[in-house]
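Visitor: pasting a predicted model and its sequence here:
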Amino acid sequence: MSACGMSKPAVAMAVFLPMLAAAAANEHQVLVPRVVVVTAFPPELARWKARLPLDDELPFPGGAGLQSLAWNGSLQVLAMVTGMSSKNASLSVTALGYDPRFDLTAATWLLAGIAGVDPMFGTVGGVAWMQRLVDGTVAKYLNEKDMPQDWETGWIPTNRDRPYGLPPQSPGARAGSVKLLAPSLVQWAHSITQFLKLPDLEEFQRVRRHYAPCCAAAAQAPSVEMGDLLATDVFWTGPTQASWARNWTSYWLPAGGDVWDRKGVFAMSAMEDFATAEAIDALHRSGRSRGLEALLVLRAASNFVQPWPGHSTGASMDFFLEPACEAAFLVGSEVVQKLVPAGAPRSSQAIDIDV
């Protein structure tokens, strides 16, 4: 027996058990992100990891992107790769929402990635904060060879028997195909980024000169705008599909039909946005997120959705992956810096965007 009346094994256990308990508590410590950055594939995440920075890697076996999560405890920023497509986006966001390591009930979500831009709306290298997300995947389809001659497209709403069919969709029907993002949050993000100077590469200038005769917006230098997004799991291009995207967007977003109180304007095309919003909405219903009131969607234009007049749709389209990822980071990180705790270290790369 020791001087205090305890055996050596008892003394050892008395020392070891508190250490074990502390280790277990640390292992199961719940992280509370201020911001969750959502990307679809590794190039979109790379700048966030290197320059915010997000130095800590956390395993994420439940995610479809087969990538670790990236974390910065001082900033309280978590970032993820969902994997491309709506299927992978919804699976990964849901898996994160139910991961016991995280409490996401206070988090603002930022989906930041690349997209195709409508030359009637903007230009390559430009970015847009999305106001509304429209589902372009759930539809009926007739091949143009089989559809009536007076139809302009074979894409039909599932509850109609012709394209853009009447009567207009009810608010309840629109709710299944449209996700409304919070005007106050989107307009705030736009207000603090709209005057940022974005990189304007010689390659951008070369391409957009071809669009000047038909599309004034495409001929302008890159800028920060607001618009509406159409989400599909199909990589599409060409004037026929672009015309469908514009009409489909305006059909589902009639003037005065929602809190944005304006007719839809197709801005960009991407895959994961609608599904990400649906997953976050579902997490809200289960008490695990703040829902769509805490979702921002930022897309940077890597390419036009149709070639310039006279240029073949089948020809190789100009695709600016890295410059678009750069623009998404530069604008998105400006907003993230406003959302992180006061006094947290700031990334100089994230603030100095005049490049």
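Guide: All right, it came through fine.
Visitor: which of the three states applies to residue 332?
Guide: What DSSP: H, G, I helix; E, B strand; the rest coil gives for residue 332 is helix.
Visitor: hey, C-alpha coordinates of stretch 224-239 in CSV?
Guide: Taking Å, rounded to 0.1, in the frame of the first residue of the first chain, the C-alpha atoms of stretch 224-239 are listed here in CSV:
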residue,chain,number,x,y,z
VAL,A,224,-20.2,40.5,-59.9
GLU,A,225,-24.0,40.2,-60.6
MET,A,226,-27.1,38.6,-59.3
GLY,A,227,-29.2,36.1,-61.3
ASP,A,228,-31.1,32.8,-61.5
LEU,A,229,-29.6,29.4,-62.0
LEU,A,230,-30.9,26.4,-63.9
ALA,A,231,-29.7,23.0,-62.6
THR,A,232,-29.5,19.9,-64.7
ASP,A,233,-27.3,16.8,-64.6
VAL,A,234,-26.6,17.1,-68.3
PHE,A,235,-23.6,19.0,-69.8
TRP,A,236,-25.4,20.8,-72.6
THR,A,237,-24.4,23.5,-75.1
GLY,A,238,-25.9,25.3,-78.1
PRO,A,239,-28.4,28.0,-79.1
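Visitor: list phi and psi for residue 284.
Guide: phi -60, psi -40 (degrees, to the nearest 10).
Visitor: residue ranges for the strands of this protein, please.
Guide: Counting by DSSP state E, the chain has strands at residues 35-39, 56-58, 69-72, 77-81, 108-117, 127-135, 140-141, 155-156, 178-180, 224-231, 266-270, 295-304.
Visitor: out of those, nearest to residue 319?
Guide: strand 295-304 (4.8 Å; C-beta to C-beta). (Glycine included, C-beta is placed from N, CA and C.)
Visitor: partner strands of that closest one, parallel or antiparallel?
Guide: strand 108-117 (parallel), strand 127-135 (antiparallel) (DSSP bridges).
Visitor: and residue 113, how far from residue 74?
Guide: Distance, residue 113 to residue 74, by C-beta to C-beta, to the nearest Å: 25 Å.
Visitor: between the two, who's got more neighbours?
Guide: Set residue 113 next to residue 74 and count neighbours by other C-beta atoms under 10 Å: residue 113 wins out with 27 against 11.
Visitor: quick one: the nearest residue to that one once chain neighbours are set aside from residue 241, how far?
Guide: Among residues not flanking residue 113 along the chain, residue 44 sits closest, at 4.6 Å (C-beta to C-beta, 6 or more residues apart in numbering). When distance is defined by C-beta to C-beta, residue 44 is 24 Å away from residue 241.
Visitor: between the two, which one's more packed in?
Guide: In terms of neighbours (other C-beta under 10 Å), residue 44 is the more surrounded of residue 44 and residue 241; the figures are 25 against 20.
Visitor: and the more buried one, what's its pLDDT?
Guide: At residue 44, the model reports a pLDDT of 98.
Visitor: wait, it touches residue 112, no?
Guide: Yes - between residue 44 and residue 112 there is a contact under C-beta atoms under 8 Å: 6.9 Å.
Visitor: shared neighbours, these two?
Guide: Residues touching both residue 44 and residue 112 by C-beta atoms under 8 Å, 6 or more residues apart in numbering: residue 328.
Visitor: list the contacts of residue 146.
Guide: residue 154.
Visitor: tell me where this protein is predicted with low confidence.
Guide: 1-28, 315-316, 343-355 (pLDDT under 70).
Visitor: from residue 230, how far out is the residue most central in space within it?
Guide: By C-alpha atoms, centre = their mean, the chain has its centre lying nearest to residue 111, at 2.6 Å. Distance of residue 111 to residue 230, computed by C-beta to C-beta: 15 Å.
Visitor: please apply the same query to residue 221.
Guide: Counting by C-beta to C-beta, the gap from residue 221 to residue 230 is 24 Å.
Visitor: those two: which is more packed in?
Guide: residue 230 (29 against 14).
Visitor: surely the more buried one meets residue 265?
Guide: No - if you go by C-beta under 8 Å, residue 230 and residue 265 don't touch, sitting 10.8 Å apart.
Visitor: tell me, what's touching those two both at once?
Guide: residue 249.
Visitor: helices of this structure, residue ranges please.
Guide: For the chain, the helices defined by DSSP state H cover 8-27, 42-51, 86-97, 171-175, 183-191, 202-209, 239-252, 273-285, 321-339, 348-351.
Visitor: show residues contacting the second one.
Guide: Defining contact as C-beta under 8 Å, 6+ apart, one finds that helix 42-51 is touched by 37, 39, 54-55, 67, 70, 79-81, 112-114, 321-322, 325-326, 328-329, 333, 347, 349-350.
Visitor: from residue 159, how far out is residue 166?
Guide: Relative to residue 159, and taking C-beta to C-beta, residue 166 is found at 12 Å.
Visitor: that should have said residue 207, apologies.
Guide: 40 Å.
Visitor: which of the two has more neighbours?
Guide: residue 207 (21 against 12).
Visitor: the more buried one and residue 317 touch, don't they?
Guide: No - using C-beta under 8 Å, residue 207 makes no contact with residue 317, being 9.6 Å away.
Visitor: who touches both of the two?
Guide: residue 304.
Visitor: is it correct that residue 203 is in contact with residue 322?
Guide: No - assessed by C-beta under 8 Å, residue 203 is found out of contact with residue 322, at 10.9 Å.
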